[in-house]
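**Q** Take this sequence and fold it.
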Amino acid sequence: MNTAYKDLKFRHELKFIINRHQYYVICQRLRKLIDRDKYAGEDGEYHIRSLYFDDCENSALSEKLGGFRDRRKYRIRIYNGDDQIIHFEKKIKIGDYITKLKAPLTREMYDSILAGDYEVLHQPDKPFMMELYREMKHRLLRPKVIVDYVREPYVCKNGNVRITFDKELRTGLHAKDIFDETLNPVPAIDDHLIILEVKYDEYLPEYIRTALQLEGLRQQAASKYVICCKYLKLNHWEDQ
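**A** Next comes the predicted model:
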């Protein structure tokens, strides 16, 4: 594993694209075994909107499409449209393991970044902020696409398991502001398809594996960022 990340805690991540029938069957089993995430609303869900960034060479996109096993992605993420919690995140994948770095942003910092003022990231006492600053200044890291969806999350203490169903995957077309009140995201995949993600530490308890029936599912590289980028590219072609 890259020594630069040796102090970070990495986890396993499995991804699947399932249909509504599979979702209902799996959920019926899970609800009898594990708990809903405490951060979910009364309906058991919450809304996520992310603004993904890429550099001048579109490295995040090309490395994912190229099947690189070691990758990284940068994004700004909010929940339920609220600007009280804004995070700039870096998702790191090393082989079959993932981890995440994140730093809080104020709304003012977010607005500055979107306006092209990256000096708000120049904080020498915060290594991740300085990394973001260098990426912006030297590798021309810039906003690329909005990814929007509804998440239904479940958690289990055994194995530190987190299971999420991401529904209604949408993209903001060519919009770049996640707080844009006029943003009307459009479906990036068929609404009957759902992205199932399973994250865990050292082991996945057998009773959860059985409930998920993982042997009957085909693991897929279901990157929401790539799906939305592909939709935008196709839409651009159709506009020509």
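
**Q** List the buried residues in the lengthiest strand in the chain.
**A** Using DSSP state E, we find that the single longest strand of the chain is strand 142-156. Within strand 142-156, the residues scored as buried using 16 or more other Cβ atoms under 10 Å are 143-156. From N, CA and C alone the C-beta is placed, and that goes for glycine too.

**Q** Pairing partners for that strand, with directions?
**A** Strand 142-156 sits in its sheet next to strand 35-36 (antiparallel), strand 46-54 (antiparallel), strand 161-171 (antiparallel), going by DSSP bridges.

**Q** Ok, which of these comes nearest Glu181?
**A** strand 46-54 (12.4 Å; Cβ to Cβ).

**Q** Show me the helices in this structure, by range?
**A** 20-30, 59-65, 107-114, 127-138, 206-212, 224-239 (DSSP state H).

**Q** Bridged to Asn19, which residues?
**A** Under the criterion used (DSSP bridges), Asn19 bridges to Leu193.

**Q** can you pull the contacts of it?
**A** Contacts for Asn19 (Cβ atoms under 8 Å, 6 or more residues apart in numbering) come out as His192, Leu193, Ile194.

**Q** pLDDT below threshold where in the chain?
**A** Counting by pLDDT under 70, the ranges of the chain that qualify are 1-6, 215, 235-240.

**Q** ok, Cys229 - contacts?
**A** Leu61, Lys144, Val145.

**Q** Look up how far Phe10 lies from the last one.
**A** From Val145 over to Phe10 the distance is 26 Å, taken as Cβ to Cβ, to the nearest Å.

**Q** Please apply the same query to Leu217.
**A** Leu217 is 23 Å from Phe10, where distance means Cβ to Cβ.

**Q** Kindly report the same for Leu121.
**A** Counting by Cβ to Cβ - Leu121 and Phe10 are separated by 25 Å.

**Q** Which of those two has more residues huddled nearby?
**A** Of the pair Leu121 and Phe10, Leu121 is the one with more neighbours under other Cβ atoms under 10 Å, namely 23 against 18.

**Q** Leaving out sequence neighbours, find the closest residue to the more buried one.
**A** What sits nearest to Leu121 in space, not counting adjacent residues and going by Cβ to Cβ, 6 or more residues apart in numbering, is Tyr133, at 4.0 Å.

**Q** check contacts around the one you found.
**A** Going by Cβ under 8 Å, 6+ apart, the list of residues near Tyr133 reads Tyr118, Glu119, Leu121, His122, Gln123.
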